[in-house]
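[1] Okay, sequence plus prediction incoming.
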Amino acid sequence: MKKIIEVENLDVRFLQPQGELRALRGVDLTIQAGEILCVVGESGCGKSVLCKTIAGLLCKEGVIHSGAICYEGVDLLACSKQESRTIRKKAFAVVLQNPQTALDPVMKVGRQMDEVLKLHRPELSKPARRLRLLDALKQVGIHDPARVLSQYPHALSGGMKQRVVIATALLKEPSVLLADEPTTALDPTVAGRILDLFADVHKRNHMTIVLVLHDLAAAYHFASRVAIMYAGKIVEIGTKEDVFAHPLHPYTKALLDALPSRNLGKPRLPDLSGFAFSEEAMRPFSSTHWAAVPKGASDAR
Ligand SMILES: Nc1ncnc2c1ncn2[C@@H]1O[C@H](COP(=O)(O)OP(=O)(O)OP(=O)(O)O)[C@@H](O)[C@H]1O
Ligand code: NI
C-alpha cells in the first residue's frame with residue numbers, strides 16, 4: 001500500500017509558566033493511502049495535538065521542537081509556509097469533536113457551505129453549486145437538504161450539525177480526512193450513526209481517514225489499522241486483528257482488558273429497541289455493532 005503521510009520523530013511542546021509540557025515525545029506514524037486509521041489512547045496522551053500538528057492547526061503556544069510530517073514525500077515542516085499551506089488546504093479536511101464550534105452561528109448552513117465550495121470550485125455557477133450542496137447533504141444522510149440549507153445551525157440537532165460539518169469537509173474533496181473524536185459531543189445512538197457515516201464515506205470515496213477515538217471497541221469496528229497512543233508516543237500500530245489478538249504493549253493489554261465485552265469478532269446483533277444487559281455492558285455502540293455481554297460472562301481469550 002502507498003504511504004500518504006509519514007510522521008517521523010515528531011516532538012511538540014507547550015511552554016507554560018511552570019515549565020515545558022512535552023505533548024508529543026517522538027511520534028513515528030505511517031498513514032497508508034485509502035485506510036481508516038484509528039488512533040486510540042487515554043485522555044491527555046496527545047491525540048488532538050498530533051491531529052492538529054498534522055493539519056497545521058496547532059495553537060501558537062505549541063512549539064514543534066523537531067520531527068517531520070511528510071505528505072506524499074514533501075516534508076510540510078521543512079518547506080515554505082506558503083507551500084505547506086497550499087498542500088494542506090488541498091489535501092486535508094478536519095472534523096473536530098464539537099460541531100457547535102465548527103459552524104458559524106449567525107450564518108445559514110447553505111451560505112457557509114457555499115463559501116467553502118466557492119473557494120474550492122470557483123468555476124461552478126450558483127445553480128450548479130446549489131445542486132452540489134444538496135447532493136453533499138444527501139450523501140451524509142440528510143433527507144431534507146433544501147430545508148437544512150435554509151436553516152441556522154441552532155435549529156439543528158447535534159447529530160445533524162456534525163453531518164453538516166462532515167458534508168462541508170467533503171466538499172473540499174480532501175485526500176485525507178482527519179477526524180478528532182467526532183462523536184464525543186453527541187449522544188450514544190447518534191454517535192454510532194455518525195461513525196457509520198465515516199465508514200460509508202470511506203467506502204464510497206476511497207479516502208484516507210484518520211479517526212481519533214476514545215473507544216477501542218469502536219476502533220475495532222471501524223478501523224483498517226489501529227494505532228495505540230500513550231504518553232505522547234505511538235506505542236503500537238497494526239491491523240486491528242493483530243493488535244487485538246496479539247497486543248504487545250502493556251497499555252494495549254490494559255485497554256483490551258478494560259473492554260466490557262471480549263467477543264469482538266462475533267457477528268453483529270441486529271438493531272434492538274431495548275436492552276436487557278447490565279448498564280456497564282451498554283457501551284455506546286454495543287446494540288448496533290456487536291454482541292455485548294455482561295461483565296464476566298465472556299472470556300474469549
Ligand atoms: N494549548 C495547550 N496549552 C498547553 N497544554 C496543552 C495545550 N493543548 C494540549 N495541551 C496538553 O498536551 C497534552 C496532550 O493533549 P491532547 O489534547 O492532545 O490530548 P488528547 O489525547 O487529545 O486528550 P482527549 O482524549 O482528552 O482529547 C495534554 O497534557 C494537554 O494538557
Ligand atoms: Ni483530544
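    Okay, I see it. Ligands and ions are numbered 1, 2, ... in the order given.

[2] Show me the strands in the stretch 151-300 of the chain, by range?
    176-180, 208-213, 225-230, 233-239 (DSSP state E, counting those that start in this stretch).

[3] between the last one and strand 225-230, how big is the angle?
    Our comparison of strand 233-239 with strand 225-230, counting by axes from the mean of the first three to the mean of the last three Cα atoms, to 10 degrees, yields an angle of 160 degrees.

[4] to the chain's geometric centre, what's the distance from strand 233-239?
    Here the centre of strand 233-239 is set off from its chain's centre by 17 Å, with Cα atoms, centre = their mean, to the nearest Å.

[5] packing partners for it?
    Judged by 3 or more Cβ pairs under 8 Å, 6 or more residues apart in numbering; DSSP states H and E, strand 233-239 is in contact with strand 19-32, strand 225-230, helix 250-257. C-beta: built from backbone N, CA, C; applies to glycine.

[6] quick check: mean pLDDT across the second one?
    By that I understand strand 225-230. Averaging pLDDT along strand 225-230 gives 96.

[7] How about the first one?
    Per-residue pLDDT over strand 19-32 has a mean of 96.

[8] How about it and ligand 1, any contact?
    Yes: counting by Cβ under 6 Å from any ligand atom, ligand 1 is contacted by strand 19-32 at 21, 23.

[9] same check, this time on the second one
    No: with Cβ under 6 Å from any ligand atom as the measure, strand 225-230 is seen stopping short of ligand 1, the closest distance being 6.8 Å.

[10] What residues sit buried inside that strand?
    225-230 (16 or more other Cβ atoms under 10 Å).

[11] measure the residue in the stretch 201-301 of the chain positioned nearest to ligand 1 to L29 for me?
    Nearest to ligand 1 in the stretch 201-301 of the chain, going by Cβ to the nearest ligand atom, is H214, at a distance of 6.0 Å. H214 is 18 Å from L29, where distance means Cβ to Cβ, to the nearest Å.

[12] out of these two, which sits in the more crowded spot?
    It is L29, of H214 and L29, that has more neighbours when counted by other Cβ atoms under 10 Å, with 20 against 16.

[13] Check whether that one really touches E236, as I assumed.
    No: applying Cβ atoms under 8 Å as the test, L29 and E236 come out as separate, 11.3 Å apart.

[14] Show me whatever sits in contact with both of these two.
    Here L29 and E236 share the contacting residues A227, scored by Cβ atoms under 8 Å, 6 or more residues apart in numbering.

[15] can you pull the buried residues of stretch 56-67?
    Of the residues in stretch 56-67, 56-58, 62, 67 count as buried by neighbour count, 16+ other Cβ under 10 Å.

[16] And ligand 1, is that stretch touching that?
    Yes: counting by Cβ under 6 Å from any ligand atom, ligand 1 has neighbours in stretch 56-67: 59, 61.

[17] From R163, how far off is A146?
    From A146 over to R163 (counting by Cβ to Cβ), the distance is 15 Å.
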